[in-house]
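Chemist: Predicted structure and sequence below. I'll ask about it afterward.
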Amino acid sequence: MRATIYGISLAFLLLQGLPQSARAALGGSADSVESDRVSMKALTRPAAAGTLQKQELQLPTGTIVREYTNASGVVYAVSWHGPSMPNLRQVLGNYFVHYQTSAKAPLVRHRVVHLDSPDIVIESSGRMRAFVGRAWLPALLPSGVTPAQIQ
């Protein structure tokens, strides 16, 4: 019995070490936007054509997540708005740790997270049924794109 439990635990740990499928998270490849859609059980919404390349996902909760990609196919910005927060660990990818750190810092206003660093900018706020946020990588912003266009 004990050997079986150890065997299952060892198998679980080994599986955790296997490479996971890429996500279209911030800083990731645009090729995997579809895996984000499937993972979040979202519907793809048509995004207005214009100077910005973006993919819109509508989550089952009604929240909209937008993933902005540059000409190289890298997600340089994400935004969200809706009645519930999206899975920020998935949306922010490797940058989620920056969000966690900022969320633990003393806040001037209740439920507001703001981080402005050379590597990443994160703005998030909300209250019940009204959440909004965005994050972008300043170094990856395409020429001519301003943070005001990330909505």
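Modeler: Noted; the coordinates are in hand.
Chemist: quick one, strands of this protein?
Modeler: With strands called from DSSP state E, the chain shows them at 43-45, 53-58, 64-69, 75-82, 112-116, 121-127, 130-136.
Chemist: Would you confirm that Thr61 contacts Asn87?
Modeler: No - assessed by C-beta atoms under 8 Å, Thr61 is found out of contact with Asn87, at 10.8 Å. In short, each C-beta sits where N, CA and C put it, glycine included.
Chemist: could I get the strands of the chain as TSV with distance to Ala25, mean neighbour count and mean pLDDT?
Modeler: Conversion of the strands of the chain to TSV gives the following (distance: least, C-beta to C-beta, whole Å; neighbours: other C-beta atoms under 10 Å; pLDDT from 0 to 100):
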stretch	distance to Ala25	mean neighbour count	mean pLDDT
strand 43-45	17	12	70
strand 53-58	12	19	87
strand 64-69	8	22	91
strand 75-82	7	23	95
strand 112-116	16	16	89
strand 121-127	13	17	92
strand 130-136	10	19	96
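Chemist: Can I get those strands in JSON lines including distance to Val145?
Modeler: Converted to JSON lines, the strands of the chain look like this (distance: least, C-beta to C-beta, whole Å):
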{"stretch": "strand 43-45", "distance to Val145": "21"}
{"stretch": "strand 53-58", "distance to Val145": "10"}
{"stretch": "strand 64-69", "distance to Val145": "8"}
{"stretch": "strand 75-82", "distance to Val145": "8"}
{"stretch": "strand 112-116", "distance to Val145": "17"}
{"stretch": "strand 121-127", "distance to Val145": "13"}
{"stretch": "strand 130-136", "distance to Val145": "9"}
